[in-house]
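J.: turn this into a model:
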Amino acid sequence: MRVLIHAGMHRTGTTNLQIFLEGNRRALARGGVLYPGDERNHQKLAWAIHRGDAGGRDALRLIEGEARRRTHAAVLSAEDFFIHRDLDWVRHVAERHETSVRVYLRRQDDWLNSWYNQHVKWPFNRRKSRMSPAEFLDAIEDFWWLDYAAVLDRWAEALGEARVSLAVVERGGLADVTEDFRAHAGLTQRGLVRAEERSNDSLPVHALEIARHMGLFELKGGDRYRVNEALRRGLAGLGGEARTVFSVAQRNAVLDRFDPGNVDVARRFLGRETLFAQARPAPDEPHFQFPDLDREALLRDWIGPVMRELARRP
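T.: So this is what the prediction gives:
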């Protein structure tokens with residue numbers, strides 16, 4: 001059997017790919033392609049392996065337990081496969097089945113901006129949910145997977161370099177991860193449909209400073225959603241052109257840090273000199289810094305509108 005692992009990374013549009021795979025689970029099975037389990041993705045398996053509570057046998061049990069006589073391929077999809085430092089489980093699967101991996105990369109400075117936004121608006125880590133942008137950058141060592149060369153080295157060691165493939169998600173480049181993966185995996189059988197996709201919209205960058213002080217980590221999903229929507233509506237008139245919370249100098253420092261590894265990845269896996277086609281930020285590219293306000297202006301112009309929006313929609 002051929003096993004294709006989709007290993008993320010986060011914030012590359014992969015949720016819609018997983019919606020497609022989940023929605024077509026039966027149609028794929030009729031064509032001999034297994035998308036095992038009954039959930040949208042395989043994040044539970046990814047986290048169990050990451051914690052050391054599962055391994056290759058569990059992955060094989062998931063795949064082989066549902067395989068039928070006509071099954072010739074299986075797909076596993078989880079963004080957090082990308083963060084695994086120990087890939088013994090992959091080697092275990094590859095001993096029994098022809099295994100390959102597909103990953104999607106995003107330029108590190110853009111990814112950090114998006115990941116900061118995600119940590120604030122829908123937090124899963126209390127400490128990081130309340131960090132300032134500068135504090136978040138100071139924690140960059142926590143995001144070890146941004147060293148793409150090291151990540152792909154591990155996958156290449158586990159599977160062989162020829163069975164590691166990647167694509168780059170960036171403005172002006174790959175626009176549809178679902179169609180890219182579908183083509184890469186050869187999912188061409190009839191009956192596959194695109195369901196209504198979900199947009200995982202970021203908060204406007206000018207709303208993040210208020211959001212990170214609102215204790216969203218302690219709220220349940222529905223309440224988080226209400227607060228985020230109140231922030232969008234209440235502060236809608238205060239936004240400018242900035243799309244990032246990081247300055248040009250901060251972004252260039254991130255790019256300088258990872259540039260040697262990015263060049264190595266581009267040469268080895270894409271046969272070119274640059275991994276990302278998008279130009280570095282222009283010297284005058286804006287970033288959002290929360291204004292230095294007195295108490296009255298802060299409450300009147302930033303807190304008051306959000307509170308009114310919350311009151312209007314209980």
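J.: flag the shaky bits of this structure, pLDDT-wise.
T.: In the predicted model, the chain carries pLDDT under 70 at residues 199-200, 314.
J.: which stretches of this protein form strands?
T.: 2-6, 33-34, 73-77, 98-105, 164-168 (DSSP state E).
J.: run the chain-centre distance for the longest one.
T.: For strand 98-105, the separation from the chain centroid amounts to 15 Å (computed by C-alpha atoms, centre = their mean, to the nearest Å).
J.: got the angle between it and strand 164-168?
T.: Put simply, strand 98-105 runs at 20 degrees to strand 164-168, going by axes from the mean of the first three to the mean of the last three C-alpha atoms, to 10 degrees.
J.: hmm, back to that, got TSV for the strands of the chain, with mean neighbour count too?
T.: The C-beta positions use only the backbone N, C-alpha and C, and glycine is treated the same way. Compiled in TSV, the strands of the chain are given as follows (neighbours: other C-beta atoms under 10 Å):
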stretch	mean neighbour count
strand 2-6	22
strand 33-34	24
strand 73-77	24
strand 98-105	21
strand 164-168	19
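J.: let me have these in TSV, extended by distance to Arg300.
T.: Formatted as TSV, the entries for these read as follows, by distance: least, C-beta to C-beta, whole Å:
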stretch	distance to Arg300
strand 2-6	48
strand 33-34	58
strand 73-77	47
strand 98-105	43
strand 164-168	44
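J.: what's the closest of those to Lys44?
T.: Lys44 lies closest to strand 73-77 among the strands of the chain, at 11.6 Å (C-beta to C-beta).
J.: pull up the pairing partners for that closest one, direction included.
T.: Partner strands and pairing direction for strand 73-77 (DSSP bridges) are strand 2-6 (parallel), strand 33-34 (parallel).
J.: Ala67 is nearest to which of those strands?
T.: strand 33-34 (5.9 Å).
J.: what residues does the closest one touch?
T.: Contacts made with strand 33-34 from outside it, assessed by C-beta atoms under 8 Å, 6 or more residues apart in numbering, are listed as 28, 63, 66-68, 71-75, 185, 187, 189.
J.: go again using 10 Å as the cut-off
T.: Outside of strand 33-34, the residues within contact range by C-beta atoms under 10 Å, 6 or more residues apart in numbering are 1-4, 21, 24-25, 27-28, 62-68, 70-76, 185-187, 189, 192.
J.: report the buried members of those residues.
T.: The neighbour-count test (16 or more other C-beta atoms under 10 Å) marks 1, 3-4, 21, 24-25, 27-28, 62-64, 67, 71, 73-76, 185, 187, 192 as buried among the contacts of strand 33-34.
J.: in helices, which of those fall?
T.: Applying DSSP state H to those, the entries found in helices are Leu21, Arg25, Ala27, Leu28, Leu62, Ile63, Glu64, Ala185.
J.: list just the nearest of the residues you listed to Arg198.
T.: Using C-beta to C-beta, Leu21 is the member of these that lies nearest Arg198, at 13.6 Å.
J.: please tell me how far that closest one sits from Val265.
T.: Between Leu21 and Val265 the distance is 26 Å, computed by C-beta to C-beta, to the nearest Å.
J.: repeat for Arg30
T.: For Arg30, the distance to Val265 under the criterion C-beta to C-beta works out to 37 Å.
J.: neighbour count: these two, which is higher?
T.: Between Arg30 and Val265, counted using other C-beta atoms under 10 Å, the more crowded position is Val265 (22 against 12).
J.: pretty sure the more buried one is touching Trp155, no?
T.: No. Because the distance of 11.3 Å does not satisfy C-beta atoms under 10 Å, Val265 is recorded as not touching Trp155.
J.: overlap of the contact sets of the two?
T.: With the criterion set as C-beta under 10 Å, 6+ apart, the overlap between the contacts of Val265 and Trp155 is Leu166.
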